Structures are given as C-alpha cells and as structure tokens.
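[1] sequence and predicted structure below; questions after.
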Amino acid sequence: MLYPMAFSKKEAQVCARYSFVCETGDTACTPAEQKSRARRWSYVPLAKSTCDTLGKVPGIKNLLCCATDKCNKPDPKLDPATKVSNVLIGR
C-alpha cells in the first residue's frame, strides 16, 4: 500500500507510522506476503490531511501522525522486525 506523496507548501507536513495488509500487486510486499495477506509497517512523511484521512482507510491500524523529531520511529513492541540504524549514509 503506497500513497502518492504530493506536498503543498501551504499544508503542514507530519510523520506517520501505520500497519497495513499486503494485497495482490502491492509493491511494498513480497509475493508470499501478498498471498498470506501479511501485515506490514510503513514509516513515511505525509501531508497532515492525508495522514488524518488514512485513519479512515480499511485495513490501516496503529496509525500515528506526529510532528516531532523521530516521533514515528519503529516501536519494538509493535514492530519487532524493523531495526533502526544510527549510521548516516554517505558520510
């Protein structure tokens, strides 16, 4: 489940964290995850209105829209598979 990231200079931006169900054709998921309808996590920047609307989408769970530094980092209790690295790329 990927959503277009079109930003307006007038609209507030937020960070988002949510889980979604993998569906057929979903490029964020492997074919096995699509077949089993696995639940995956997404960590993305979004327009605030998009984040607010996302909470109404069927299959979206554990939605967090926030605006502070690192506020949408993975929660090991909810998403133990995602590991956060403090390594800066290109440095």
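    That came through fine.

[2] would you map the helices across the chain?
    Ranges of helices in the chain, per DSSP state H, are 31-36, 48-54.

[3] which residues in the chain form strands?
    13-21, 39-47, 61-66 (DSSP state E).

[4] strand 61-66 and the second one, what's the angle between them?
    For strand 39-47 and strand 61-66, the angle between their directions (axes from the mean of the first three to the mean of the last three C-alpha atoms, to 10 degrees) works out to 30 degrees.

[5] packing partners of strand 39-47?
    strand 13-21 (3 or more C-beta pairs under 8 Å, 6 or more residues apart in numbering; DSSP states H and E). (C-beta placed from N, C-alpha, C; glycine too.)

[6] so what strands line up beside the strand it packs on?
    Using DSSP bridges, the strands paired with strand 13-21 are strand 39-47 (antiparallel), strand 61-66 (antiparallel).

[7] beta partners for the most centrally placed residue in the chain?
    Closest residue to the average C-alpha location of the chain: Ser42 at 2.3 Å, with C-alpha atoms, centre = their mean. Here Ser42 sits in beta bridges with Tyr18, as judged by DSSP bridges.

[8] show me what contacts it?
    Met1, Ala16, Arg17, Tyr18, Ser19, Phe20, Ala28 (C-beta atoms under 8 Å, 6 or more residues apart in numbering).

[9] what's the neighbour count on the second one?
    The one in question is Ala16. Neighbours of Ala16 under the rule other C-beta atoms under 10 Å: 23.

[10] just the last one next, same as before
    Using other C-beta under 10 Å, the number of residues around Ala28 comes to 14.
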